[in-house]
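Peer 1: okay, sequence plus prediction incoming.
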Amino acid sequence: MTNTSAPSAWYPDPTGRHQYRFWDGTSWTEHVADNGTQATDPLHAAPLTRRGARLQQESREAPAAQTRPSFAQRRAAAKAEREREREEAQALLRQQEAAHERERLVEEARQQAAKEAATMRAREQAEERERQRLAAIAHAQAEKEAAERKIREIQQREAQVLGYTPFYLPEYNGYAGTEVAGEFARIDSIHAVLRHKPKVDEEIANDALLAALVPEPSNPYDRNAVKVVISGQHVGYLEKEVAAVVQPTMRRIVEAGYLPTTGARIWAVARRDREDGRKLRHYANVRLALTYATMMVPLNDPPFEDYSIIPWGSALQVTGEEQHQETLSDYVTNDGIALVLGTLTIIQRGTAKAPKELIEVLIDGERIGQLTPGSSQHFIPTV
């Protein structure tokens with residue numbers, strides 16, 4: 001029968017392998033002590049001798065019957081237990097510290113890796129932004145150079161236009177009633193055209209001038225700009241609203257190899273400044289003879305054989321056109337008015353005894369009527 005009344009303490013090792021073994025109050029443990037030094041030895045770690053087995057059985061049945069340890073033994077056992085507990089606590093503390101150290105090192109490694117990854121991403125992003133910036137600069141520079149090259153080419157073509165054969169616009173010798181803008185900024189050029197600089201209150205006018213109209217799509221302020229050049233001097237521009245309408249026609253003429261030309265009038269004067277009478281201010285006005293945009297270029301081509309253009313003058317009535325409406329309908333426009341080149345030829349009419357010469361009017365080789373006898377007699381010598 002087992003006696004469980006013995007308190008927990010160090011007792012002589014019932015296996016005989018050590019001096020003492022710890023009794024926890026109910027059973028023997030693996031903790032042993034020899035000469036004050038603690039260790040562990042499982043109770044059944046090694047086969048027991050017959051004597052050890054007997055002693056073990058006796059220790060289970062009557063541990064209280066064994067000799068009660070002395071005070072020194074109990075003190076040594078308590079000390080050994082405290083030492084064991086201290087070592088276990090220290091071992092546990094070292095394990096915890098080691099675990100904390102491992103966790104700290106792992107966290108430091110993770111943070112370092114994250115930092116290096118962030119630094120790498122930031123470097124890559126910075127490099128990508130720099131590449132994009134340089135690419136944008138290169139693209140902008142290329143676009144700028146292309147634009148400048150295009151402007152230079154356009155300006156060269158614009159300069160060459162002044163050497164083209166003049167194309168006199170209809171009514172070029174008519175009334176100059178179209179205002180030119182920007183004369184105030186080109187007073188010196190206007191004086192160069194007039195070959196004279198007005199004196200105080202002197203007015204100068206010249207109505208017998210020819211102005212070249214040069215399309216200037218390279219103009220940074222107005223792509224529809226049309227430059228006005230007189231005697232090689234830039235004296236202004238067509239007003240913006242007018243230029244927007246006529247520039248396409250001017251460009252067609254230039255692209256055909258001709259220089260749009262029309263009549264011009266310049267008026268210039270010098271006045272004393274109202275605030276400072278010692279200063280002299282110069283004023284000028286430039287006007288052009290321009291017809292409707294739809295009347296500037298003929299709808300048809302000139303004859304293939306040699307021809308001459310009769311100067312623009314007053315209108316003449318063509319007779320008999322009512323008989324040629326089908327031919328004339330090919331030249332009708334939505335605007336209701338257009339310019340067509342007609343050919344004047346001499347035809348014989350009347351009788352054999354009384355022949356009469358008249359001027360026949362043809363358009364693209366097709367008869368559309370004739371001039372009256374009076375007008376015919378006037379133009380026959382010219383034809």
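Peer 2: Yep, it's here. Quantities reported herein were computed from a predicted structural model and do not represent experimental measurements. Numbers count the residues shown, from 1 in each chain.
Peer 1: point out where the stretch 51-200 of the chain drops to low pLDDT.
Peer 2: 51-69 (pLDDT under 70).
Peer 1: how about the strands in it?
Peer 2: Per DSSP state E, counting those that start in this stretch, the stretch 51-200 of the chain carries strands over the ranges 165-168, 178-181.
Peer 1: where exactly do the helices run in the stretch 201-350 of the chain?
Peer 2: Using DSSP state H, counting those that start in this stretch, the helices assigned to the stretch 201-350 of the chain run over residues 240-255, 325-328.
Peer 1: same list (the ones you listed) but as JSON lines, adding mean pLDDT, mean neighbour count and distance to Phe304.
Peer 2: C-beta coordinates here come from the backbone N, C-alpha and C atoms, glycine included. Shown next, in JSON lines, are those (pLDDT from 0 to 100; neighbours: other CB atoms under 10 Å; distance: least, CB to CB, whole Å):
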{"stretch": "helix 240-255", "mean pLDDT": "92", "mean neighbour count": "17", "distance to Phe304": "20"}
{"stretch": "helix 325-328", "mean pLDDT": "88", "mean neighbour count": "12", "distance to Phe304": "19"}
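Peer 1: just to revisit the earlier point, hey, which of the strands of the stretch 51-200 of the chain is tucked in deepest?
Peer 2: strand 178-181 (a mean of 18; mean count of other CB atoms under 10 Å).
Peer 1: partners of that strand in the sheet?
Peer 2: Strand 178-181 sits in its sheet next to strand 233-238 (antiparallel), strand 280-288 (antiparallel), going by DSSP bridges.
Peer 1: just the CA trace of stretch 111-121, in PDB.
Peer 2: C-alpha atoms of stretch 111-121 as PDB (Å, rounded to 0.1, in the frame of the first residue of the first chain):
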ATOM      1  CA  GLN A 111      13.100  46.600 -42.400                       C
ATOM      2  CA  GLN A 112      16.500  46.800 -44.100                       C
ATOM      3  CA  ALA A 113      15.100  44.800 -47.100                       C
ATOM      4  CA  ALA A 114      12.000  47.100 -47.200                       C
ATOM      5  CA  LYS A 115      14.200  50.200 -47.000                       C
ATOM      6  CA  GLU A 116      16.500  48.900 -49.800                       C
ATOM      7  CA  ALA A 117      13.500  48.000 -51.900                       C
ATOM      8  CA  ALA A 118      12.000  51.400 -51.300                       C
ATOM      9  CA  THR A 119      15.300  53.000 -52.200                       C
ATOM     10  CA  MET A 120      15.600  51.000 -55.300                       C
ATOM     11  CA  ARG A 121      12.000  51.800 -56.300                       C
END
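Peer 1: so how far is it off the chain centroid?
Peer 2: Relative to its parent chain, stretch 111-121 has a centroid offset of 35 Å by CA atoms, centre = their mean, to the nearest Å.
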